[in-house]
Each structure stands twice: as structure tokens, then as C-alpha cells.
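> what's the 3D shape of this:
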Amino acid sequence: MDTIKNVERFGEPWKSQYGTLYPFAVTLEGGEQVFANGTTESPWWVNAGSIVEIVEKGQTKKGNRKVSFSKPEGVQQPPRSASPATRGTSGNRDEAISLAMIFKIAAERGGNATESLNLARELWAAFQEFQDSPEASTTSSSEEEVF
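Numbers count the residues shown, from 1 in each chain. Down below sits the predicted model:
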């Protein structure tokens, strides 16, 4: 699994045997840039913070890594932006970054996939609770148990 950090349209749409494809340059959380085609101008993985499984598709004509993305089973994706114009706003971006960090922490500490997913859900709930009342103490008992 990996997390999408940034997505930019790359080139013009083109016709294929699968219909019109939209090329994207995708930066992953670790900083690596890969290239993927979407079947729409706004594929499900286009938002920063989307958790993806990478499917290798070879290389582009220029030798860059070409991939497609599948949805990991049981992983809740970040909310989609309303339109391309709203993508990357500070609120959505901050939330997407927080979600990506939560999944990273959960993957590192959670053990197997189910335990990691459960830990991510607990961390996300704690984050949203904190976000709803930022004046509240940052050392609740549930946070101490997690860390």
C-alpha cells in the first residue's frame, strides 16, 4: 500500500481500446513520481491522501514507472473534492496529510492488516475528536493507550 501525496494532469487525454484515458503524474508519499491513466478526469484516487495498492504496468516511452491503482480492501478513502478547482485547499490538504500520517503510523505499529486498519480507525476517531475541540487536552487516556 502507498499514499498519494499529489496528482497533476500530465498531457492531453487520448483514445484507447478502453475509451478516453487521462494521463496523470502522481507523487507518492515517499516522494517517488509515477505515471497513471484515469478513465475520467477525476479518478477515485486523485485526492491527496488516497490509500492505494500499486499495480505495475511497466514503463512509459520515456522510461518512467507506469502504474495503475486499486483500492485496498477495507480501507476508507478520504472524501473526494467537489471539483478540480477545490482540490488542494488547505483544509482538505491538511486533513489528507493527517489521514496519510495516521495510515503510516498504523501500518508501522499495527501488526497484520486487520490490526493496522483497526488502529488507523482509532487514530482517525481521536484526530477528528481533537479537531472538533482543539482547546481540549491533548493527553486523553485513549491517546495514551495508542502510543
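> a helix runs through Ser98, doesn't it?
Yes - under DSSP: H, G, I helix; E, B strand; the rest coil, Ser98 sits within a helix.
> how near is it to Phe24?
Here the criterion is C-beta to C-beta, to the nearest Å. By it, Ser98 lies 23 Å from Phe24. No exception for glycine: its C-beta is placed from N, CA and C like everyone else's.
> Looking at these two, which has the bigger crowd around it?
Phe24 (21 against 18; other C-beta atoms under 10 Å).
> How is Ala106 assigned, secondary-structure-wise?
helix.
> count of residues packed around the closest residue to Ser50 other than its chain neighbours?
Closest residue in space to Ser50, ignoring its immediate chain neighbours: Ile4 at 4.4 Å, by C-beta to C-beta, 6 or more residues apart in numbering. By other C-beta under 10 Å, the residues close to Ile4 number 25.
> Would you map the strands across the protein?
2-9, 14-16, 19-28, 33-38, 51-59, 65-70 (DSSP state E).
> OK, contacts around the one residue sitting closest to the centre of the chain?
For the chain, the residue sitting closest to the mean C-alpha position, by C-alpha atoms, centre = their mean, is Ser50 at 1.8 Å. Applying C-beta atoms under 8 Å, 6 or more residues apart in numbering to Ser50 gives the contacts Thr3, Ile4, Trp44, Phe69, Gln77, Pro78.
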